[in-house]
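>>> this one's sequence-less:
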């Protein structure tokens, strides 16, 4: 009995779709594979693998090499810093000897060669040109000292050279990238900035004893500020170094000894300020602290250098490991590819030989392959096909021809139907688009394109529909009493229905507003009329504002509309008080409330629809009220209304990043320009007799500009270096606080400075456009009775200004903050001055 035939089972549609998707994804790769021989395929795969390994390994190797080069560069910087520290210590010691000694001129033989070598070294380094120039000039001052020069002249001459060396140290740190090391930034900051400054300060503290008492007091206070800020920084530097190199803990006793000795020096200086005889103690502690500062700096330098050496060795070892792994991986892959290629080639030769024999007429040919890969399946299928080929060949050809004919007929018929339908749809779509474009042009034509402005006020608005037709609108009109009415509204929904209701609402509200009625009356009457003309049961939110240009007063009413925002001249943003009354056309018989406010000079009023706050980006996040408030607060007060509108539209478009608009976007801005910035000083009890303007300076808000200002102040007071020193110290503190805290680092603003002098007074005036702030009232005085580690940060700069100046006060004049400082030009009695300074500093 013959075996029954195996029934045919059709593929499931899901299986066919899955296979079709897989085949489509792999089609490009399959086409490329079909163009290559087996040797070419393996060669291609090998090249791709090599490229992949190289792509992954080479950047890593290059990164390791770059990090090693950076570490070596930092080591060079540390070695250079070590030589600078020795020169700095010698200069500080020589300053002390020259200032305190009665010798006519200090012995400069030992230092001359070092200074000249440092100056020559700077010629090949452009970044240090300014520091080198100051170093040469200062050294010439020292070499030019005469027996008639007093202690103050010697002290000042050495300070010029020491400050140039300190600047050199910072420039060298930047050139060798010591300030950006990811592991030792705090440690290297202490090495390059804080420790050199501490070494100079403790030496200057002791040397200043040789100066007159009235000149010694400022150095005491300055040293207290510098050392107070430096000690926590040094502790942080040690903590960071110990975290990456535990062996550095051996430096802790050196730091503790330095901290204790510095505190002792400050305590001794405080005794002198209290009238006690502690000069020898201060000088002795100053010499000790110089040695301890230098010793700790050198020890910290060696510890940091040891860590960099360890890092370089680790990076070299990592480079060797990466190279070895790459070479080993390539060798293993090459060996495996060669074996796979040989095995595949043998199987292919067997398949080729069997196929040739079958095609030659030997239908009994069968192929045998002794492997376990997919080529065995090919050989088995070939053997099956050989037995069934002759019987099924005719049937397959007949079925294929029949199916191809039927499929071709159906494709042709369906193609003709689709072509006719597409032609009709395209024509209909074009007609609809033309009609919508015409309707959009008509709708936009209803909105004003010319905006009113007069004197110090201006109005501007814009409407961006989400679809071809929108439901938002704005308008304005001049009332019979010459007041200005502005209107912003948002109809519910979008498209054609909202556009028609928008036209009806606009006509009704403008007609009512033109009669001069109050905003509440316009809303109430408009609501009743729209309820009678609302077959589609839509509603509209409205905000109507009446502005009086003469007084700046505004009357307004809101019907369910987003609350208007007001930005003051100081940049603060607030929402106008609103009753949140019901939208128009919801139900008749409603009443509304008119509210009253005033728009001052420099203030701006923003009316908008929810298309602004409900603009969504591609992730679904909304623009939101908070982002709108922040943007409005950061916009400049001197911008015109049209510029503010354009800025807001650009801000929203940048936020959505091309996402489809979900609602119409409409905004209207009414602003009053601020008055001009002046520097009018309010009347005081001080009489400025024969007042003369010395200097007017417009300073860009960049900290690097302070040095240029200091040079200008010194040039304006060439005969009074004491006044120039006090003025520059106070200006640096105040301007740094204004830029950092008042303007939050903004670099596009201007601070105005004016210096004037009368017979009795030096007057210094600053003007900025930061938010209102009085540092002399709002910043508490520091508590000097507290321990250094417990004393809070802040207040020292303001206290310094109050101490150095005879009078300092601030007020906001409507266009900016005005700070006025007065310093007497009289040379005070030394005893009285010393007592006053002692009381102020204590």
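Arrived safely, thanks for sending. Being a predicted model, the structure only gives us computed values, none of them experimental. Residues are numbered from 1 along each chain as shown.
>>> span of stretch 549-562 from start to end?
With CA to CA, to the nearest Å as the measure, the first residue of stretch 549-562 is 24 Å from its last.
>>> list the buried ones in it?
Going by neighbour count (16 or more other CB atoms under 10 Å), the buried part of stretch 549-562 is 549, 552, 554, 555, 556, 557, 558, 559, 560, 561, 562. For every residue, glycine as well, the C-beta is placed using N, CA and C.
>>> quick one, what contacts the nearest residue to residue 457 once chain neighbours are set aside?
Here the nearest residue to residue 457 in space, its sequence neighbours aside, is residue 672; by CB to CB, 6 or more residues apart in numbering that works out to 4.9 Å. Under the criterion of CB atoms under 8 Å, 6 or more residues apart in numbering, the contact list for residue 672 reads 456, 457, 552, 599, 600, 601, 602, 603, 604.
>>> correct me, but residue 817 touches residue 775?
No - contact status for residue 817 versus residue 775: not in contact, 9.1 Å apart, counting by CB atoms under 8 Å.
>>> next, show the common contact partners of the two.
Common neighbours of residue 817 and residue 775, using CB under 8 Å, 6+ apart, are residue 810.
>>> average model confidence for stretch 340-350?
Looking at stretch 340-350 alone, the average pLDDT works out to 75.
>>> same check on stretch 503-523?
Rounded to a whole number, the mean pLDDT of stretch 503-523 is 92.
>>> do me a favour and get the end-to-end distance for it?
Counting by CA to CA, you get 16 Å between the two ends of stretch 503-523.
>>> can you list the buried residues in that stretch?
For stretch 503-523, the buried set under the neighbour-count rule, 16+ other CB under 10 Å, comprises 504-506, 508-510, 512-513, 517-523.
>>> need the residues that contact it.
Counting by CB under 8 Å, 6+ apart, stretch 503-523 makes contact with 443, 446, 473, 475, 477, 479-481, 485, 487, 489, 491, 525-526, 529-530, 533, 540, 542, 544-546, 555-557, 559, 581, 584-585, 591-594, all of which sit outside it.
>>> out of the contacts of residue 672, which are buried?
By 16+ other CB under 10 Å, the contacts of residue 672 give 457, 552, 599, 601, 602, 603, 604 as buried.
>>> what about the helices in the stretch 51-200 of the chain?
109-121, 129-143, 151-175, 185-189, 195-207 (DSSP state H, counting those that start in this stretch).
>>> which of these sits most buried?
Of all the helices of the stretch 51-200 of the chain, helix 195-207 carries the top mean neighbour count, a mean of 25, counting by mean count of other CB atoms under 10 Å.
>>> tell me the mean pLDDT over that one?
If you average the pLDDT over helix 195-207, you get 83.
>>> C-terminal to it, what's the next element?
Scanning the chain past helix 195-207 towards its C-terminal end, the next helix or strand to appear is helix 213-244 (assignment: DSSP states H and E).
>>> so what secondary structure elements neighbour that next one?
Secondary-structure packing of helix 213-244 (3 or more CB pairs under 8 Å, 6 or more residues apart in numbering; DSSP states H and E): helix 185-189, helix 195-207, helix 252-273, helix 279-359, helix 721-737, helix 796-804, helix 830-841.
>>> report the central residue of this protein.
The residue lying closest to the centre of the chain (CA atoms, centre = their mean) is residue 745, at 10.2 Å.
>>> ok, it to residue 768 distance?
Going from residue 745 to residue 768 by CB to CB, to the nearest Å gives 14 Å.
>>> give me the contact list for stretch 353-367.
Counting contacts by CB under 8 Å, 6+ apart, the residues touching stretch 353-367 from outside are 350, 351, 379, 382, 383, 386, 389, 390.
>>> filter those down to the buried ones, ChimeraX style.
Buried members of the contacts of stretch 353-367 can be picked out in ChimeraX with the line below, counting by 16+ other CB under 10 Å:
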select :350,379,382,386
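>>> hey, what's residue 665 bridged with?
Under the criterion DSSP bridges, residue 665 forms beta bridges with residue 464.
>>> report the contact partners of it.
462, 463, 464, 466, 472, 609, 611, 612, 615, 649, 652.
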